[in-house]
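Participant: Predicted model follows, preceded by the sequence.
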Amino acid sequence: MMKLNDKVAVITGGGRGIGRGIVLKFAEEGADLVVNVFNQSSSEIETLEKDVRNFGRKLHVVVGDVSLDETAEEIVSRAILEFGKIDILVNNAGILTQSELYNMDVEMWDRMIAVDLRSVFLTTRHAVPYMMERRSGRIINIASQLGQKGGVGLSHYAAAKAGVIGFTKSIALELGGYGITANCIAPGPIETDLISGLDSEWKQNKSRELAIPRFGSVAEVAPTALFLASEPDGNLYTGQTLGPNSGDVML
């Protein structure tokens with residue numbers, strides 16, 4: 001039996017990487033989807049739509065910058081218009097740039113906080129009233145192990161992801177009485193386009209630090225999102241940070 005049969009999931013940053021992996025995993029398990037993408041080509045979007053249709057599920061794509069309130073509102077409104085509900089919200093949209101603090105300009109800092117943290121607040125704020133009304137919902141926020149331990153040249157990224165973790169714990173406390181869970185996934189380094197801009201020395205050093213001395217794959221992260229979204233699998237998890245991170249953080 002499919003774990004997400006007839007569920008409706010909203011996923012930001014679903015065009016590539018971990019987000020795309022979660023989109024396809026959810027579709028495979030029976031979910032219909034509203035997916036936000038940004039800076040994806042029309043051919044990439046068409047391929048995503050085809051892949052979801054191959055699982056027999058419905059997909060609506062919203063193109064836009066999810067750090068803008070109007071985009072966040074449009075994503076949620078589309079789900080309500082097309083499906084009448086939101087069962088699962090996955091806040092995955094993110095960017096990754098690299099700069100040591102003394103060279104970092106304000107614009108780089110502000111953009112990171114806007115995309116990786118502000119967007120999580122915006123989409124959640126718009127989605128939660130519908131979940132509260134139905135007294136049911138799963139919120140899954142993609143953080144990073146660097147939000148737990150920090151990283152050289154990545155203070156802005158680590159700060160944003162630490163903010164996501166703190167935000168998630170807080171809303172878990174606020175929303176639990178409404179039947180809504182909120183959890184984080186904090187992956188370690190995963191082979192995606194996101195890390196392609198990081199320098200090779202950083203990647204080599206990071207690989208040597210890991211208990212499992214390799215970067216992970218998208219296919220090794222998406223099942224954690226499925227677990228948190230499923231019943232009864234994820235029923236008792238809230239305010240938690242799950243870490244498919246090759247042993248980079250051990251709690």
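Facilitator: Perfect, thanks for sending it. Residues are numbered from 1 along each chain as shown.
Participant: Quick check: mean pLDDT of stretch 114-131?
Facilitator: For stretch 114-131, mean pLDDT rounds to 98.
Participant: Just give me the neighbour total for residue 63.
Facilitator: When neighbours are counted by other CB atoms under 10 Å, residue 63 registers 15. Every C-beta, even on glycine, is put in place using the N, C-alpha and C of the backbone.
Participant: which ones are touching the nearest residue to it once chain neighbours are set aside?
Facilitator: Nearest non-adjacent residue to residue 63, counting by CB to CB, 6 or more residues apart in numbering: residue 37, 5.7 Å away. Applying CB atoms under 8 Å, 6 or more residues apart in numbering, we find residue 37 in contact with 13, 14, 15, 44, 45, 48, 61, 62, 63.
Participant: same question, residue 36
Facilitator: Residue 36 sits next to 10-14, 61-64, 66, 71, 75, 93 when contact means CB under 8 Å, 6+ apart.
Participant: Could you list the low-confidence segments of the stretch 151-251 of the chain?
Facilitator: Scanning the stretch 151-251 of the chain for pLDDT under 70 picks out 197.
Participant: Restrict the contacts of residue 37 to the buried ones and give me that as a PyMOL selection.
Facilitator: Entered in PyMOL, the line below selects the buried ones among the contacts of residue 37, by 16 or more other CB atoms under 10 Å:
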select buried, resi 13+14+15+45+48+61+62
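Participant: Identify, from the contacts of residue 37, the entry nearest to residue 152.
Facilitator: residue 13 (24.8 Å; CB to CB).
Participant: Next one: that closest one from residue 237, what distance?
Facilitator: Distance of residue 13 to residue 237, given as CB to CB, to the nearest Å: 22 Å.
Participant: if you count residues, which helix in this protein comes out on top?
Facilitator: helix 155-175 (DSSP state H).
Participant: so who does the spatially most central residue of the chain touch?
Facilitator: Centrality entry for the chain: nearest residue to the mean C-alpha point is residue 92, 2.1 Å, by CA atoms, centre = their mean. Contact analysis of residue 92 by CB under 8 Å, 6+ apart lists 11, 12, 13, 14, 18, 19, 22, 142.
Participant: what sits against the fifth one?
Facilitator: By CB under 8 Å, 6+ apart, residue 18 lies in contact with 92, 142, 187, 190, 192, 218, 221, 222.
Participant: Run the chain-centre distance for stretch 237-251.
Facilitator: When distances are taken as CA atoms, centre = their mean, to the nearest Å, stretch 237-251 is centred 15 Å away from the chain's centroid.
Participant: Secondary structure element for residue 47, which one?
Facilitator: Under the criterion of DSSP states H and E, residue 47 resides in helix 42-53.
Participant: For that helix, buried residues please.
Facilitator: So, applying 16+ other CB under 10 Å, buried residues of helix 42-53: 45, 48, 51, 52.
Participant: Among the residues you listed, which one lies nearest to residue 200?
Facilitator: residue 48 (29.7 Å).
Participant: Correct me if wrong: the closest one contacts residue 23.
Facilitator: Yes: using CB atoms under 8 Å, residue 48 is in contact with residue 23, at 6.9 Å.
Participant: which neighbours do the two share?
Facilitator: With CB under 8 Å, 6+ apart, residue 48 and residue 23 have common neighbours 14, 35, 59.
Participant: picking that back up, check which helices and strands the longest helix of the chain sits against.
Facilitator: When contacts are defined as 3 or more CB pairs under 8 Å, 6 or more residues apart in numbering; DSSP states H and E, helix 155-175 packs onto helix 106-113, helix 119-134, strand 137-142, helix 146-149, strand 180-185.
Participant: and it with helix 106-113, angle?
Facilitator: 30 degrees (axes from the mean of the first three to the mean of the last three CA atoms, to 10 degrees).
Participant: next one: helix 155-175 to chain centre, how far?
Facilitator: On CA atoms, centre = their mean, the centre of helix 155-175 falls 12 Å from the chain's centre.
Participant: repeat for stretch 204-220
Facilitator: 20 Å.
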